[in-house]
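next comes the sequence, and after it the predicted model I'd like to discuss.
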Amino acid sequence: MKKRILFIEDEVKFQTAFTDFFRSEELEIVSAYDGESGLALAESKSPDLILLDLILPRKDGFKVLEELKANPRLAKIPVIVLTNLESSKDVQRAISMGALAYLVKANYSLPEILNRIKETLKNYS
């Protein structure tokens, strides 16, 4: 059975590259381009994992993470932050709010991100 990944990311090129790369994997990618639609899709699609950017229109990633973790139906979904923000303050904030991992886009290749996703799914299934 395919695992469903909700990818909340406003950069269309990154969404497209990510979806194309993972097409051959046993993963279903659901895309959201802003924080509000990401939260709505988390409710309606029940993803197995959420990849979350922090710089988003309509609701930033920190607010999305806060609302995910406050919702009993969504709180247990593992969240990996995938962003360009590199400050240790942002990393600490996201982890303290419940993110399992914090990946800076520029520091990871798509295969490395895929490995982290698979590892997380294996540990939280």
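All right, it came through fine.

report the secondary structure state of the residue most central in space within the chain.
With distances taken as Cα atoms, centre = their mean, the chain has Leu51 as the residue nearest its mean C-alpha position (1.0 Å). Here Leu51 is recorded as strand under DSSP: H, G, I helix; E, B strand; the rest coil.

hang on, isn't it packed against Leu6?
Yes - using Cβ atoms under 8 Å, Leu51 is in contact with Leu6, at 7.2 Å. (C-beta placed from N, C-alpha, C; glycine too.)

OK, contacts around Leu82?
Going by Cβ atoms under 8 Å, 6 or more residues apart in numbering, Leu82 touches 9, 51-53, 103, 105, 108, 113.

ok now the helix or strand encompassing it, how far from the chain's centre?
If you go by DSSP states H and E, Leu82 is part of strand 79-83. Distance of strand 79-83 from its chain centroid, counting by Cα atoms, centre = their mean, to the nearest Å, is 5 Å.

and if you look at stretch 87-99?
14 Å.

list the buried residues of it.
Residues 90-91, 93-94, 98-99 are the ones in stretch 87-99 that count as buried (16 or more other Cβ atoms under 10 Å).

give me the neighbour count for Phe22.
Each residue near Phe22 was counted by other Cβ atoms under 10 Å, and the total is 18.

returning to that earlier point: just the buried residues of the contacts of Leu82.
Among these, those scoring as buried are 9, 51-53, 103, 113 (criterion: 16+ other Cβ under 10 Å).
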